[in-house]
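Visitor: With the sequence up front, the predicted model follows.
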Amino acid sequence: MYTKIFVSLLFMVDPVAAIPTYLASTEGETRGERRRTAGTAAFAVACVLVLFTLAGEHILALFSISISSFRVAGGMILMMLAFSMLGGKAGPTKQRPQEAEEAIDKENVGVIPLAIPLMAGPGAMSSIIVYSHQDPSWQHQLVLIGIVAVIAVIAWLCLLSAELIRKGIGQTGMNIMTRIMGILIAAIAVEFVAAGMVGLMPGLGLGS
């Protein structure tokens, strides 16, 4: 189960897709400045996802939203992201063109838009809340935090290696990877919606 959670979250964070924005936003910076930006982005991703791991359900309760309703909504967001990725794009739920343009002028692009919403976007946030709900035990929460930490480290390493990755696989390779991830995220989205619908209308699960 945890392998599936790790892989799905990694695909949703998708640090490779953040590389073009990272390179454009840090153009002209020194190597040290780029490293600090990469570190800030990875740390922000970890903080956001850990926050939603620990407090996600409380946030839903504050607005009287059931986990089943959130599963359906999260699945729809993931499906939108998946369709966009199948078209070779980062997706409208990731980053708007205006945010990409404004990023060049912002002092700290590590938090916005690299971490939020490019990597720790609505898809990753909704997914971590759903995964957190699967088991309320503190052991499960600790494992999820560990998974988030590993993904943050991977994101950090990807950004540090941005130039090598872009030269190594090229734009075509990045587009192929994005489309493959899109297919897998679409399948995860279907599971989210199906589980949410069964929770909202239990009669749907009688034949399963």
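Guide: Received the coordinates, thanks.
Visitor: Grab the nearest non-local neighbour of G39.
Guide: Once flanking residues are discounted, G39 sits nearest to W156: 6.3 Å by Cβ to Cβ, 6 or more residues apart in numbering. Just so you know, the C-beta spots here come from the backbone N, C-alpha and C atoms, and that holds for glycine as well.
Visitor: ok, the one you found - contacts?
Guide: For W156, the contact set (Cβ atoms under 8 Å, 6 or more residues apart in numbering) comprises 38-39, 41-42.
Visitor: which residues of the protein fall in helices?
Guide: In the chain, the helices defined using DSSP state H lie at 2-13, 19-25, 31-62, 67-86, 97-103, 122-133, 138-160, 162-200.
Visitor: Pick the most deeply packed of the ones you listed.
Guide: helix 122-133 (a mean of 23; mean count of other Cβ atoms under 10 Å).
Visitor: That one to helix 31-62, inter-axis angle?
Guide: With axes from the mean of the first three to the mean of the last three Cα atoms, to 10 degrees defining the directions, helix 122-133 sits at 60 degrees from helix 31-62.
Visitor: one step back: looking at the contacts of W156, which one is closest to G110?
Guide: Comparing the contacts of W156 against G110 with Cβ to Cβ places A41 closest, at 4.1 Å.
Visitor: separation between that closest one and Y22?
Guide: In this view, A41 and Y22 are 7 Å apart by Cβ to Cβ, to the nearest Å.
Visitor: what do you get for A149?
Guide: For A149, the distance to Y22 - Cβ to Cβ - is 20 Å.
Visitor: Kindly report the same for G168.
Guide: 16 Å.
Visitor: same thing with S137?
Guide: From S137 to Y22 the distance is 37 Å (Cβ to Cβ).
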